[in-house]
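# Provide a 3D model corresponding to the input given below.
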Amino acid sequence: MRSKPGDGRPARRAFSAEFKAEAVRMMRERRTSGMSLAQISRELEVRPEQLRLWARLQAEGTPTDGPVPGETLEQENRRLRRELATLKQEQAFVKKVAAYFAKESR
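Here you go, the predicted model:
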């Protein structure tokens with residue numbers, strides 16, 4: 001279900017294991033204080049069903065990120081290089097945004 005440019009659907013997002021773990025921790029913490037799952041999911045910009053899935057997988061001890069079963073070293077290497085490239089792009093974007101807001105605040 002990958003989206004193609006111009007087909008009207010947003011691009012599929014990937015979340016790190018750290019993000020998933022933190023989202024589940026935040027969800028549990030805020031649910032005890034009375035916040036609804038819909039509010040939490042809007043705040044995190046993920047679907048409520050996605051949060052439920054991450055929480056269930058974490059409770060079962062199933063890894064939510066990492067090597068894919070049956071993945072060869074070459075496939076893993078390609079996957080990790082793609083992830084690294086994405087992270088570098090995100091980091092460059094954050095640097096530009098930080099510089100912009102630093103300039104604006106003067």
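# Let me know the secondary structure of the spatially most central residue of the chain.
Taking CA atoms, centre = their mean as the criterion, F15 is the residue nearest the geometric centre of the chain, at 2.2 Å. Secondary structure assignment for F15 (DSSP: H, G, I helix; E, B strand; the rest coil): coil.
# can you check G70 too?
coil.
# Check the gap between it and E76 for me.
Distance, G70 to E76, by CB to CB, to the nearest Å: 11 Å. Glycine gets a C-beta too; all of them are placed from N, C-alpha and C.
# what do you get for M27?
Taken as CB to CB, the span from M27 to E76 is 30 Å.
# quick one: which of those two has more around it?
Set M27 next to E76 and count neighbours by other CB atoms under 10 Å: M27 wins out with 22 against 13.
# would you list every one of the strands in the protein?
Ranges of strands in the chain, per DSSP state E: none exist.
# State the mean pLDDT of the helix ranked longest in the chain.
The longest helix of the chain (DSSP state H) is helix 73-104. When pLDDT is averaged over helix 73-104, the result is 89.
# Flag every buried residue along stretch 35-53.
I40, S41, L44, V46, P48, L51 (16 or more other CB atoms under 10 Å).
# List the contacts of it.
By CB atoms under 8 Å, 6 or more residues apart in numbering, the residues outside stretch 35-53 that reach it are F15, A23, V24, M26, M27, R30, R31.
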